[in-house]
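Asks: my questions concern the predicted model and sequence given below.
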Amino acid sequence: MRRLPFLFTLLFASPFSHAEPPELDWLDMMPAEDRQALEEMPDISHDTPEADGDFTAKGGLKQKTKNLPAVMYSTKTVAELNGREIRLGGYPVPLESDGKGRSTTFFLVPYPGACIHLPPPPPNQIVLVRYPKGIRLEDLSAPLWVDGRLRLEKVSNALADAAYAIEASGIELVEEEEM
């Protein structure tokens, strides 16, 4: 008789429980040499073509200046992350939406306003998110949790270069303090 509650829990509770994948830190997506180069990087001048804040002009999130330290252009990835189920927090930069106005493809970046901050993140700090279900993005400065399988995938378009992509299984809008 003592086994009955245990069996009930095993049979009925476990299908309803949802374990979140392990959280991934953005810096863990950079190889050790890139992390060190980032830590040792000198201050960057904001006297660049992006200084006017016009990220919609040709280049978008791409680096427009060619005189930044090499780490700011890095597409180097961490091979061990390929195929891992992860949870990554960040901020959206919409690319494509469905007929109902929900974003189905967007870049995820580590800080809000990456599309207008100087300089933009390097490609290994930009992730292409594919989410066919779509999500309504009312406020681009609102953070998201993205769950899914991370892939090493170089993506380049007119807006940005990314070194990773994720097939999202779930996306959750969160408050800034929850990140």
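Replies: That came in fine, so what should we check first?
Asks: after the helix or strand harbouring residue 107, which helix or strand is next?
Replies: Using DSSP states H and E, residue 107 sits within strand 103-109. Remark: after strand 103-109, the chain's next helix or strand is strand 127-135, criterion DSSP H and E.
Asks: packing partners for the helix or strand just after that following strand?
Replies: Next along the chain after strand 127-135, taking DSSP H and E as the criterion, comes strand 144-156. Secondary-structure packing of strand 144-156 (3 or more C-beta pairs under 8 Å, 6 or more residues apart in numbering; DSSP states H and E): strand 85-97, strand 127-135, strand 161-173. Where you see a C-beta, it was placed from the backbone N, CA and C, and this is true even at glycine.
Asks: the inter-axis angle of the last one versus strand 144-156?
Replies: Okay, so that is strand 161-173. 160 degrees (axes from the mean of the first three to the mean of the last three C-alpha atoms, to 10 degrees).
Asks: next structured bit after the helix or strand of the chain with the lowest mean pLDDT?
Replies: Every helix and strand in the chain was compared by mean pLDDT, DSSP states H and E; the lowest is helix 3-8, with a mean of 41. Using DSSP H and E, the next helix or strand after helix 3-8 towards the C-terminus is helix 32-39.
Asks: pull out the buried positions in that next one.
Replies: Within helix 32-39, the residues that count as buried by 16 or more other C-beta atoms under 10 Å are 34, 37-38.
Asks: so which of those comes closest to residue 141?
Replies: Distance to residue 141, by C-beta to C-beta, is smallest for residue 38 among those, at 23.5 Å.
Asks: nearest residue to that closest one other than its sequence neighbours?
Replies: residue 71 (5.3 Å; C-beta to C-beta, 6 or more residues apart in numbering).
Asks: related to what we said a few turns ago, okay, who's weakest in the buried residues of helix 32-39 by pLDDT?
Replies: Of all the buried residues of helix 32-39, residue 38 carries the smallest pLDDT score, 88.
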